[in-house]
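Q: structure for this input, please:
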Amino acid sequence: MNIGFRVFPVENRVDKRIVEEFQNVVTPHISDNMSRLQGAISDLRPYHKGGKLVGTAVTVKTRPGDNLMVHKAIDLAQPGDVIVVDAGGDTTNAIVGEIMQRIAKKNGIAGFVIHGAIRDSLAFKHDSFPIYAKGVTHRGPYKDGPGEINVRISLGGMIINPGDLIVGDEDGLIVVPIENVEEILQKVKIQAQREEEIFQSIEQGTVDRSWVDSTLKEKGCEIFSTSESLISSEGH
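A: So this is what the prediction gives:
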């Protein structure tokens, strides 16, 4: 096998019904229910006008500054897929620009995640087609390879397998392993309901804040009254 220069298929994809349901889920709720360990690094930020990114991952591992395999992934991806590219986090050369954006959008691809740079950023800024990247540069890419499509990749500690669910919003990116999507969906629904009840109690003035002092006491924090504080300061 030509390791480092291979193309594999996506064996399994998240059910479209579940993908649709995740359109209404925010990334903090997903993160909270996955021990806050599955999210991408904070410097992968949205460069599009706004809108949710949800879809099945088509993964690309490429040499920094080279986008040959990203072009191949655009041709292979199915409508609703998200092309997720590990370009080593290097921002010397752009991996994606407006031409690729237009082709991907025409093909029904859900969006891009680029651990590297993009260019033609104004075209992304004025469009709702989702793209997350590390940075922007005018320098174009090379098209020589090598690279691999649909292998396990890592973006700043976020491990992504082909077929996993990618969710992105204004707070960042997170991956949900395909085998966990239904479980996580049910958990985030419960959390969303619980938070809605908290919001209502805030408006009604009945929110319970006793946990704050209880936690401070448990941690050994000393809390002084105003008079005790004055006495303490005068003693010094």
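
Q: ok now stretch 165-182, how far from the chain's centre?
A: 6 Å (Cα atoms, centre = their mean, to the nearest Å).

Q: ditto for stretch 121-132
A: How far stretch 121-132 lies from its chain's middle: 16 Å, per Cα atoms, centre = their mean.

Q: pLDDT wise, what is R36 at?
A: pLDDT for R36: 85.

Q: give me the neighbour count for it.
A: As a burial measure, R36 scores 11 neighbours (other Cβ atoms under 10 Å). All C-beta spots, glycine's among them, are computed from the backbone N, C-alpha and C.

Q: what about the strands in this protein?
A: Counting by DSSP state E, one finds strands in the chain at the ranges 5-7, 45-46, 53-62, 81-86, 94-96, 111-118, 131-136, 147-149, 153-155, 158-160, 165-169, 172-176.

Q: what's opposite the nearest residue to V7 once chain neighbours are set aside in the beta bridge?
A: If you skip the residues right next to it in sequence, V7 has I149 as its closest partner in space, 4.5 Å away by Cβ to Cβ, 6 or more residues apart in numbering. In this structure, I149 bridges to V7, V60 when assessed by DSSP bridges.

Q: who's in contact with the residue nearest the centre of the chain?
A: With distances taken as Cα atoms, centre = their mean, L173 lies nearest the centre of the chain, 1.0 Å away. For L173, the contact set (Cβ atoms under 8 Å, 6 or more residues apart in numbering) comprises 27, 39-40, 44, 53, 113, 132, 155, 158, 166-167.

Q: so which of those wins on neighbours?
A: For the contacts of L173, neighbours were counted using other Cβ under 10 Å, and I166 has the most, 30 neighbours in all.

Q: the strands of the chain: which one's closest to I74?
A: Of all these, it is strand 81-86 that lies closest to I74, at 6.6 Å by Cβ to Cβ.

Q: show me what that closest one is packed up against.
A: When contacts are defined as 3 or more Cβ pairs under 8 Å, 6 or more residues apart in numbering; DSSP states H and E, strand 81-86 sits against strand 53-62, helix 68-76, strand 111-118, strand 153-155.

Q: would you turn those into TSV with mean pLDDT?
A: Converted to TSV, the helices and strands packed on strand 81-86 look like this (pLDDT from 0 to 100):
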stretch	mean pLDDT
strand 53-62	98
helix 68-76	98
strand 111-118	97
strand 153-155	94
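
Q: from the contacts of L173, which is closest to E21?
A: Closest approach to E21 among the contacts of L173 (Cβ to Cβ): V167, at 11.0 Å.
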